[in-house]
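A.B. asks: Predicted coordinates and the sequence they were generated for:
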Amino acid sequence: MPLCSNCKVIKETDSFGISKKTKRQYKCCNSCRVYLNNPKAKEYRKLKYQKKSIEKRIQKLEKFIQENPDHATKTYKCTNCKEYKKYSQFGLGQRGIRTKCADCRNKRKSYFEEHFKKKRESGAYKGQYLIRKAKELQIQKWKSKSMKERDNVQDAGNIDLSLNIEDSPKPTRRNNQLKDRQLVQVVIFRKDSTRGIQIMLSQRIHPDKPYFNMMQGTGGKVNVYTNNNGHEILETEEDAAMREALEESGIILEEEKLQKIWSETVPSQLEWTARRCNVQDATYNVTLSIFIYPWDWIQEPIATESDKSSDWTWHTFQEVVFMNLIPMLQKNQDFIFQEIGKYFNYCEIESLDEQEENDISPLTEKEFNTFKKKTEKVTTKEIIAIEKYKKGVTLKINRLRGRLTRINKYLNNYYGRKYLQIFDFQDRNKVAEKVNCLPTLEEIRHNAPTEYSKIQNNVYRYTVHETGDKKNILRQLKIRTILT
């Protein structure tokens, strides 16, 4: 019994897949591998690695500042123009003090933009892309096992590099790349006054179809569409459930009343079936989903597909227990009736006058916290009290949002005027009247020349101050002026 390296749980050997490249067993179980390959998990790992790299850069800069405390007072030589300039022209980069001054860096920006623009217009990158595509196709051709795949893959040496990127041949799908398929089942139910809760079922009568002579609800496969680029797009499960119910029984479902209660992903060999198999032998990942829907007592079910299924009939839980259902419903029949029972036992509806509704007072915070733990039926008076509590909360939120916008305006104005710290206390009001927020040095020189002449010969350096605990460290930059 191997141990999973991710969830640290001892599982059976069947729950661990085998790598096609190394032909060894994975250290991580199949469920954990599906979770780790999720796009959300990949994004989280990317952010984690980015955070680590940023922290490493900050540590390098802090070491450099500690080792060279007088780096801001020195002059440095530019590697491009070979001139000695002040520290303010260079600044700190990722590895320390930059080697090129600000003037040289700004000149080279426009040059590189024009250079790469010309290359893109001439199509210089198309050849590299097509060569890479040809190598991928050649590797795929070597790894193909059957003669059919070898005939489908085009020869990489005969590719014309003058073609467009859109006209380049697309690689065929390998056998180890599993397709994603989805199946849905809708259980339509009602509550009869004499027989109780009933569900709508029909029998599969087509001999060539799977699950012959088994009982089923409305449902089927989620259709796959191909867009203009040739990619496969699945429709949503809710749309598929409503479409299949209309095609098989003629009942029009409302999406608001449709409720999903169960879902599971199963490896399968045959397309659009839920027959389980080992992960090594699987060719598809089939996702099974069950929905429940209350019947409106108006639309009568009709057997529109008489060659595939029989007429629709209503059955109680005592009758369903002894029936031969399809595997998806057979496995979850107790859970389905349990969820349907919750639908009828959740609330108790009453009719109230306007005066009675006005007399109901809204819930308090203590009452709302106790209401969340309630497992009994919910009355209409409690629902009205919750709605009034919601209105009061939204009013408070809107008032706080108004305060937030005002505070953000003040803060933006404050941070925009933070450059005034480099001037004397007497000159700050004069500069603030003449210059707007976040100005450049040229604007200060043009609008306030007398005040600018006082700070023109100053060199500035900053120090890093750390405050807070070990977990939450706050780093602040404080400017110190040095007269030269």
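C.D. replies: Thanks, I have the structure now.

A.B. asks: how is the protein carved up into domains?
C.D. replies: As assigned by automatic domain parsing, the chain contains the domains 1-37, 53-114, 125-177, 179-345, 349-416, 417-483.

A.B. asks: Can you measure across the second one, start residue to end residue?
C.D. replies: Spelled out, it's domain 53-114. From the first residue to the last, domain 53-114 extends over 31 Å; the measure is CA to CA, to the nearest Å.

A.B. asks: What's the mean pLDDT across that domain?
C.D. replies: When the per-residue pLDDT values of domain 53-114 are averaged, the result is 78.

A.B. asks: Sketch out the strands for the stretch 301-450 of the chain, chain order is fine.
C.D. replies: With DSSP state E, counting those that start in this stretch applied, the stretch 301-450 of the chain shows strands at 313-316, 347-348, 378-379, listed in chain order.

A.B. asks: Throw those into a markdown table and include mean pLDDT, distance to residue 62 and mean neighbour count, thanks.
C.D. replies: Just so you know, the C-beta spots here come from the backbone N, C-alpha and C atoms, and that holds for glycine as well. A markdown table is the format used below for the strands of the stretch 301-450 of the chain (pLDDT from 0 to 100; distance: least, CB to CB, whole Å; neighbours: other CB atoms under 10 Å):
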| stretch | mean pLDDT | distance to residue 62 | mean neighbour count |
| --- | --- | --- | --- |
| strand 313-316 | 93 | 73 | 15 |
| strand 347-348 | 54 | 60 | 12 |
| strand 378-379 | 74 | 58 | 14 |
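
A.B. asks: circling back: so for residue 45, which of the domains of the chain sits nearest?
C.D. replies: Checking the domains of the chain against residue 45 by CB to CB gives domain 1-37 as the closest, at 8.6 Å.

A.B. asks: before we move on, back to that, so of the domains of the chain, which one's packed in deepest?
C.D. replies: Per residue and on average, the most neighbours among the domains of the chain fall to domain 179-345, with a mean of 16 (mean count of other CB atoms under 10 Å).

A.B. asks: mind listing the helices for the stretch 251-400 of the chain?
C.D. replies: When secondary structure is read from DSSP state H, counting those that start in this stretch, the stretch 251-400 of the chain shows helices at 317-320, 327-331, 333-345, 354-359, 365-372, 380-416.

A.B. asks: closest one to residue 292 among the ones you listed?
C.D. replies: helix 333-345 (6.0 Å).

A.B. asks: How far off centre is the closest one?
C.D. replies: Helix 333-345 sits 32 Å away from the centroid of its parent chain (CA atoms, centre = their mean, to the nearest Å).

A.B. asks: just stretch 355-368 next, same as before
C.D. replies: Taking CA atoms, centre = their mean, the mean C-alpha location of stretch 355-368 is offset from the chain mean by 39 Å.

A.B. asks: And the contacts of it?
C.D. replies: Counting by CB atoms under 8 Å, 6 or more residues apart in numbering, stretch 355-368 makes contact with 371, 381, 384, 385, 386, 388, 389, 391, 392, all of which sit outside it.

A.B. asks: circling back to that earlier point, now distance to residue 282 too, for the strands of the stretch 301-450 of the chain, in CSV please.
C.D. replies: Shown next, in CSV, are these (distance: least, CB to CB, whole Å):
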stretch, distance to residue 282
strand 313-316, 34
strand 347-348, 44
strand 378-379, 45
